[in-house]
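Enquirer: okay, sequence plus prediction incoming.
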Amino acid sequence: MGKALDIVQKTILYVILLVAMMIVIFPFIWLISSSLKAPNEVFAFPPDLLPKKLSLENFYTLLTRYAFARWLFNSLVVALSTTLISLLLHSMAGYALARLEFPGRNLLFLGIMSTYMLPLQAIIVPRFLLVKSFGWIDTYQGLIIPSLFHAFGIFAFRQFFLGIPKELEDAAIIDGCSRVRIYWTIVLPLSRGIFLTLGVILFMANWDAFLWPLLITRSSDLRVAQIGISTFMDPNITLWQFVISGSVLTMIPGLVLFFALQRYIVRGIKTTGIRG
Amino acid sequence: MALLSRERTPIAFLKRIWPKPGLRREQWLIGYLFLLPDLLGLFVFWAAPMLFLFYLSFHEWTSLGPMTYVGPENFVTLVGDDVFWKSVKVTLIYLVGFAPSVVVLSLALAIVLNTKIKARNWFRTGYFVPYALPMVVAGVIWAFMLSPGFGIVNYVLRQLGLPTRMWLSSVKDALPVVIWVGIWKRVGFYMILFLAGLQEIPEEYYEAAKIDGAHNWQLFRYITLPLLRPVLFFVVLIVGFRAFQVFDEIYVMTHGGPFRATYTLMYFIYERAFTFHRFGYAAAASVVLFAMAMLFTLVQMRYFGTGAVE
């Protein structure tokens, strides 16, 4: 009796889990399948689950008639350079906060962490005006530099470096190595894991950026892909065939990273908490 | 004071605290040098805008021409602005609709997937996949599926003999749909956070309690929940922050409509600043947004106790 109940319970649980899984995964399948339909089949009613005939016409038109390739390129350049530069800066700052002794260190750390709780959207208007006064509208530096700085990355690196045994560096110090060389030749090679972990998380966050690029770019040449998609979604007439094919292209880098580095993403979220 | 009193002159004081040649001086120098870029950046792009925000909220400015000081007038206008109150209401409804459901759902998934069930890694990965999508793309996908005319959701409803809906074109449905997209996108991410917390709880606690005859609910109530408190606090905090700042999906899905049904406070700020060029007014509304987020944080800290902050 108890065992039969157990089996019923388990079955119900699995059914719920599978239905939930369907709800989560189906939109991906539907998006990809629709993007591979011929342009007029996208709006067919009743809709076909799979394309009647595979067609790359949506992608072809998107890449030839519109500058979507350029927009994707912009997204990649911005997300990659933002991620790489901020990894370098945050690792330096984290190392200084974890390992070097100088007056005011704790106070500076407190100051850094106090920016962590500020909601970005609340300061986006003054930040925009400030960056505009630098003349950075419609520039790559306007897209990249303001997004480099976040207390979260500094904090994560500091915590990581505090966990590295100090003895590894002590020997080098006695040998008369400079701090910069220690950081570069001893500490960094030990930190590949955290660079990868933080790197993939920061890349995802930068790839997701929308409001800031929307504000800071006007010309089509500097548009990122995420903004490009939204330009096809005019409230009056939405060019769905380009919206969905553009979305497929835009989600590919994220998905590739996700499946290639899922282990690191999960570990990163576990060890550092992470911004939402 | 004690630091200063030992020397008679400032020069002597400086001489004492100035780093001796060698290791200490190098640490000072490298320490400041390594911190400098980040400190500068955090100041220019976080602290300075924060200060400028309060200054701006007491001024009127179109971003061209001079700024005029108007005192608290922006805030007074806000109080009498129906659109502002509408946007606050929408934001609070979003918070109430989004936060509890996403927290409960992700916690439930985490608890189930922390037990030794079959294929649990598949489920974990599956629920987590939407994390890899830009929010805009998540909004696009659902807007596409929920199109009243040719969308697959209405098609399925019709096949099942259920009434179809107008979804994003309907004043009643639009906000729930936007909330749903937020939940769909983030539930897996919070699930991973909860899983991390659950895995920290030693298995022996549960075994000991089971020997004492504790039921599942008691295990959850007296072991899981208390030990998960720090993670729960963190998740509730970032979920709340997310709710106050929601913008991307609304921009692509509804543009705040229909009839301002999804007009959040952030959308209000966006339009005041970048459509109407009323930067001072937008700054005043931003101050309100900031205050709401801070209030939310304080209430959570009260409720969870400051001990939960790690």
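Expert: Arrived safely. Numbers count the residues shown, from 1 in each chain, chains lettered A, B, ... in the order given.
Enquirer: hmm, A:Leu190 is touching A:Leu168, no?
Expert: Yes. Taking C-beta atoms under 8 Å as the definition, A:Leu190 is a contact partner of A:Leu168 at 7.4 Å. Placement of C-beta: from N, CA and C, glycine included.
Enquirer: from chain B, how far out is the residue nearest the centre of chain A?
Expert: Ranked by distance to the mean C-alpha position of chain A (C-alpha atoms, centre = their mean), the top residue is A:Met204 at 1.4 Å. A:Met204 is 7 Å from chain B, where distance means C-beta to the nearest C-beta, to the nearest Å.
Enquirer: show me what contacts that residue?
Expert: A:254, A:257-258, A:265, B:131-132 (C-beta atoms under 8 Å, 6 or more residues apart in numbering or on different chains).
Enquirer: cool, and B:Trp217?
Expert: Contacts of B:Trp217 (C-beta under 8 Å, 6+ apart): none.
Enquirer: where along the stretch 51-200 of chain B do the helices fall?
Expert: For the stretch 51-200 of chain B, applying DSSP state H, counting those that start in this stretch gives helices covering B:73-79, B:82-113, B:120-128, B:135-145, B:152-159, B:174-200.
Enquirer: need those in TSV (columns: distance to B:Ile238, mean neighbour count and mean pLDDT).
Expert: Formatted as TSV, these follow (distance: least, C-beta to C-beta, whole Å; neighbours: other C-beta atoms under 10 Å in any protein chain shown; pLDDT from 0 to 100):
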stretch	distance to B:Ile238	mean neighbour count	mean pLDDT
helix B:73-79	27	16	93
helix B:82-113	10	18	95
helix B:120-128	16	18	90
helix B:135-145	15	26	93
helix B:152-159	29	16	89
helix B:174-200	8	21	93
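Enquirer: dump the ones you listed to CSV, plus distance to chain A.
Expert: As requested, the helices of the stretch 51-200 of chain B are exported to CSV (distance: least, C-beta to the nearest C-beta, whole Å):
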stretch, distance to chain A
helix B:73-79, 12
helix B:82-113, 7
helix B:120-128, 5
helix B:135-145, 5
helix B:152-159, 5
helix B:174-200, 4
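Enquirer: report the distance from the helix or strand of chain A with the lowest mean pLDDT to the chain centre.
Expert: One helix or strand of chain A scores below all others by mean pLDDT, DSSP states H and E: helix A:167-174, with a mean of 80. Computed by C-alpha atoms, centre = their mean, to the nearest Å, the chain-centroid distance of helix A:167-174 equals 36 Å.
Enquirer: just to revisit the earlier point, got the buried residues for the helix or strand where the residue nearest to the centre of chain A lies?
Expert: Using DSSP states H and E, A:Met204 maps to helix A:192-207. Buried residues in helix A:192-207, defined by neighbour count with 16 or more other C-beta atoms under 10 Å in any protein chain shown: A:194-207.
Enquirer: could I get these as a markdown table with pLDDT?
Expert: Putting the buried residues of helix A:192-207 into a markdown table (pLDDT from 0 to 100) gives the following:
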| residue | pLDDT |
| --- | --- |
| A:Ile194 | 87 |
| A:Phe195 | 91 |
| A:Leu196 | 90 |
| A:Thr197 | 88 |
| A:Leu198 | 90 |
| A:Gly199 | 91 |
| A:Val200 | 90 |
| A:Ile201 | 89 |
| A:Leu202 | 91 |
| A:Phe203 | 93 |
| A:Met204 | 91 |
| A:Ala205 | 90 |
| A:Asn206 | 93 |
| A:Trp207 | 93 |
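Enquirer: the strand or helix carrying A:Arg181 packs against which elements?
Expert: Using DSSP H and E, A:Arg181 sits in helix A:179-182. Helices and strands touching helix A:179-182, by 3 or more C-beta pairs under 8 Å, 6 or more residues apart in numbering or on different chains; DSSP states H and E, are helix A:167-174, helix B:23-42.
Enquirer: just checking, what packs against the last one?
Expert: Using 3+ C-beta pairs under 8 Å, 6+ apart as the contact definition, the elements that helix B:23-42 packs against are helix A:68-99, helix A:105-114, helix A:179-182.
Enquirer: thanks a lot, catch you later.
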